Every structure is written in structure tokens, then in C-alpha cells.
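Participant: How does the following fold in three dimensions:
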Amino acid sequence: MSSPSPTTSTAPFLTRLPWWRQIRVRVTGTLSGLVLFVAGALFVTNWQIRRVAVLESFQNLVVSVGGMGAVALDGDAIALIEIEPDALTPQFAEEKRKLEALRVFNNLTPDEIYVLRPAPGGGVDEAEFVVMTDAEPFVGNRYMIREENREAYHVALREGVVTHTDIYTDEHGTWISGYAPIRNAAGAVVALLEVDAEISRFEEALADELMVEALVTLAALLAAIGPAFYLGNRLTQGARALAQGMRRFESGQMDARVELTSRDEIAAMAAGFNRMAQSVGDRLRLLPFVSRFTAQAVEKSRTVENWLEGVEREVVVLMTDVRGFTAASREMQPAELINALNGLLATQTEIIAEHGGDVDKFMGDAVLAVWPAVDDAVERAAKCALALQAKMNETRPAWVKRDPTRPVLG
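Facilitator: As a prediction, this is how the structure comes out:
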């Protein structure tokens, strides 16, 4: 007798998922994304810290160089340098010598250190050059103070303190500037020493350094993907085994079981699935022995009150009995008796089901079968009786050979 198979469904959780919905891929993606996020956050933080450090170091540079240089310069001599011919005077030569020594000592270019003062008759933001270290002096040349530098410039002039700017960019590069007041013998501010620090080359070096760090981070991320995928695969191995077992059970393999060696939640789910599969399989194997009326009664019990009350219904009844079975059973061993009885009842059940009947009950070696009273119910029952007799004669068990006259199905 074949076991019935459950109807195959197309439940989404039992079908094969696309790769982007698989847990192991999501675990790998999550871990990789977390590594990338942390690395990116560290990268940005490191960039900001290094940039602030560069800013502070160059601000300290321009402030310290400007402060020391302004003290070394002679404010009264500088006050005498007013026009381009004054570049030939001893005062200019002496102040240029001091400025050149300061420039060389601090590894500055000629464009990064010079003396300037407010331009006479000019605007509030207009200045003129006084002393410089260039080969061709340009005493008296004027230029407008950049907007980014004006606050530091005016504070140094007005309050007589050393100031500095933030980072700014022009057509020549990225800079930080410092302004230090130059005083005469009376203590009045007569000019400013401007010190510029060009930091583009340092930013480029910093960018190259951070690029190396980014490449190392990327390499570490790529190296981590493999272990992350392995970990995700290990984490989901039990889930995939459980899904495979469910697919097998769904396809009708009642013996489908999931064996896991782990002791986690997935293993507990697998154990529950195994118990469920065993229970469902046992019940499915018993279905052929459950009459249609019993199944209808169970279904009715869910929705109809007083379903146990008797109902009159016209049916066709077929009762079989194996004549001589009782006498023959006295000569049989218990195990032999059970096997013989099970074989007889199973054979009759199959034939009754093939002819549209339902087994109502077993009574020892007798079977009571019923058919709903439809047009061909009597014919079906009669054909079933003939088929039962033919099958009995065809597959007479070995123990019948002891006495060919019995038993006989009637």
C-alpha cells in the first residue's frame, strides 16, 4: 500500500532564494559594510586630525618666526624707507640682511617673508611693501590685503599683537599667514612683518599618505570578505539544511529528516521539524484507514454545534469475513497471526478504496465498508466484493496451504 503524498505548494520560504536574499550574503554584506563604515570613519577622522595638526603647526611657525623677526628689525630704520630709491640706502641693506638671515634659517622662500605697512593715502585695506629679500626690490609697490587676511592684518596693526590667518587658497597655492608688529624706539607700530607658509606641498604629502592608508584599508576589507563569507556560510549552514529538509518533505518525502550537530536555535528548530515530520508521516500513513465519514465528522466538529447527534443517511454496506480464520489462527504463532491479519486487512482496504468505498471499522478478521447511496453505489460494492474474492484467491498466504478448504473470504 503506497503512502499518500502532500500537495506540493509554492510557499516562498521553501523555494530557492535569489543570492541577494540569502542570509549568508546579507551577513557578509553587513560585516563588510561595517568594516567599510568603521574604516571610512577612521579615515575621515584621521584626515581631520592631521589637517588640524598641519594648521596648528604652520600657525605656530608663522607666529614664532614673525614674532622673533619683528623684534630683530629696526622700526626707526624701516620708517626711513619710503620709495624705490631707498632700496639703495644702508638702512634698507641692513634690514634686508636681517630678513634674509631669518628667511634662510626658517627655510622660507623670498615670496614668504617681507615687511609692509599701510599705504599712505590709500584705502584701509591697502598696503605697500617696504623691505623684501628678492633680488629686484619693489619698495613702495602697493597691493590690496586679501579678504581672508584682513582681520589678522588689522588686529596686528591696531592692537600691536602677533596674529595669524586660517588656511586660504589663491592662484599661487594654499597658505597660512602671520603678522607681527614692528615698533620704533617710541613703541609705536610703524610696519608689519608678514610671514607666509605655503602648505600645498604638505597637503599633497598628507593626501598621498592618506591614500596609502585608504589602499591598505581597502586591501584589509578585501581580505576580510573571505572570512566574513565563511562565517556567514557557517552561520547559515543549519538554516540551509533545514530549508532543504523542508523542501524534501514538501515534495512528498515523508522520511525527510534534518540532522545537525550544533546546539543552537537552528538545531532546536530542526529537532522540532523532525518531530513534526514524523508525526505528519504517521498520520498520512493512517489516512487510507480513516473513512470518509470520519474525516467529514472531524471537519464538521470545527464549525457545527451538536455534531455528535445522529443523522439518518442511506448507504450501501459491504461486510467481509474470512471463514475459517478463527480455526486457522489457533495453529499459528502470535507473530504469524498478526502478520497474516495485517496483510488481509491491508489488501481489503486498498481494494475498497479503489472502488470508492470507505472502511467503517475492522472487527477481528471482518471488515465493514460503506458507500454513499449514489446511482452506481450498489454496482461499485458488488464489483468490490468480486475483486476481493479474486485477490484472496490470487494471494492466498502460505499458511492456507495447511488446509486448502479454509479460510475463504465471504
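
Participant: Can you give me the pLDDT of residue 112?
Facilitator: In this model, residue 112 is scored at 91, pLDDT.

Participant: now swap in the one 5 residues further on and tell me
Facilitator: What the model reports for residue 117 is a pLDDT of 95.

Participant: Just the strands from this structure, written as ranges.
Facilitator: 113-118, 126-132, 142-144, 163-164, 168-170, 173-183, 189-198, 315-320, 322-323, 358-363, 366-372, 408-409 (DSSP state E).

Participant: Domain parsing of the protein, as residue ranges.
Facilitator: For the chain, automatic domain parsing gives the domain ranges 73-198, 293-409.

Participant: most packed of these?
Facilitator: With neighbours taken as mean count of other Cβ atoms under 10 Å, those reach their highest mean count in domain 73-198, at a mean of 17. For glycine as for every other residue, the C-beta is placed from the backbone atoms N, C-alpha and C.

Participant: start to end distance for that one?
Facilitator: 23 Å (Cα to Cα, to the nearest Å).

Participant: so where's the stretch 51-200 of the chain uncertain?
Facilitator: By pLDDT under 70, the stretch 51-200 of the chain has no low-scoring segment.

Participant: so residue 366 touches residue 320, yeah?
Facilitator: Yes. In this structure, residue 366 is within contact of residue 320 by Cβ atoms under 8 Å, at 6.2 Å.

Participant: All the helices of the stretch 1-150 of the chain, residue numbers only.
Facilitator: In the stretch 1-150 of the chain, the helices defined using DSSP state H, counting those that start in this stretch lie at 23-72, 75-79, 90-105, 150-159.

Participant: all helices for the stretch 151-300 of the chain, in order.
Facilitator: Under DSSP H, counting those that start in this stretch, the stretch 151-300 of the chain gives helices at 200-250, 265-286, 292-301.

Participant: and the second one, which residues are buried?
Facilitator: Going by neighbour count (16 or more other Cβ atoms under 10 Å), the buried part of helix 265-286 is 266-267, 270, 273-274, 277, 281.

Participant: CA atoms only: put that helix into PDB for me.
Facilitator: Below are the C-alpha coordinates for helix 265-286, written out as PDB (Å, rounded to 0.1, in the frame of the first residue of the first chain):
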ATOM      1  CA  GLU A 265      18.400  27.700  17.900                       C
ATOM      2  CA  ILE A 266      18.600  26.300  14.300                       C
ATOM      3  CA  ALA A 267      19.300  22.800  15.800                       C
ATOM      4  CA  ALA A 268      16.300  23.200  18.100                       C
ATOM      5  CA  MET A 269      14.100  24.100  15.000                       C
ATOM      6  CA  ALA A 270      15.500  21.100  13.200                       C
ATOM      7  CA  ALA A 271      14.600  18.800  16.100                       C
ATOM      8  CA  GLY A 272      11.100  20.300  16.100                       C
ATOM      9  CA  PHE A 273      10.800  19.800  12.300                       C
ATOM     10  CA  ASN A 274      11.900  16.200  12.700                       C
ATOM     11  CA  ARG A 275       9.200  15.600  15.300                       C
ATOM     12  CA  MET A 276       6.600  17.300  13.100                       C
ATOM     13  CA  ALA A 277       7.600  15.300  10.000                       C
ATOM     14  CA  GLN A 278       7.500  12.000  12.000                       C
ATOM     15  CA  SER A 279       4.000  12.900  13.300                       C
ATOM     16  CA  VAL A 280       2.700  14.000   9.900                       C
ATOM     17  CA  GLY A 281       4.100  11.000   8.200                       C
ATOM     18  CA  ASP A 282       2.500   8.600  10.700                       C
ATOM     19  CA  ARG A 283      -0.900  10.300  10.200                       C
ATOM     20  CA  LEU A 284      -0.600  10.300   6.400                       C
ATOM     21  CA  ARG A 285       0.100   6.500   6.500                       C
ATOM     22  CA  LEU A 286      -3.100   6.100   8.500                       C
END
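
Participant: just to revisit the earlier point, tell me which of the strands of the chain lies nearest to residue 52.
Facilitator: strand 173-183 (12.5 Å; Cβ to Cβ).

Participant: so the closest one versus strand 126-132, what angle?
Facilitator: 80 degrees (axes from the mean of the first three to the mean of the last three Cα atoms, to 10 degrees).

Participant: Can you list the strands that strand 173-183 pairs with?
Facilitator: strand 163-164 (antiparallel), strand 168-170 (antiparallel), strand 189-198 (antiparallel) (DSSP bridges).

Participant: Out of the ones you listed, the one nearest residue 353 is which?
Facilitator: Closest among the strands paired with strand 173-183, using Cβ to Cβ: strand 168-170, at 91.9 Å.

Participant: residues in contact with that closest one?
Facilitator: Contact with strand 168-170 is made by 146, 148-149, 174-177, as judged by Cβ atoms under 8 Å, 6 or more residues apart in numbering.

Participant: Then stretch 146-163?
Facilitator: For stretch 146-163, using Cβ under 8 Å, 6+ apart, the contacting residues are 63, 66-67, 70, 118, 124-125, 127, 145, 164-166, 168, 170, 177-181, 183, 189, 192.

Participant: again, 6 Å this time
Facilitator: With contacts defined as Cβ atoms under 6 Å, 6 or more residues apart in numbering, stretch 146-163 is touched by 63, 66-67, 125, 145, 165, 168, 177, 179-181, 189, 192.
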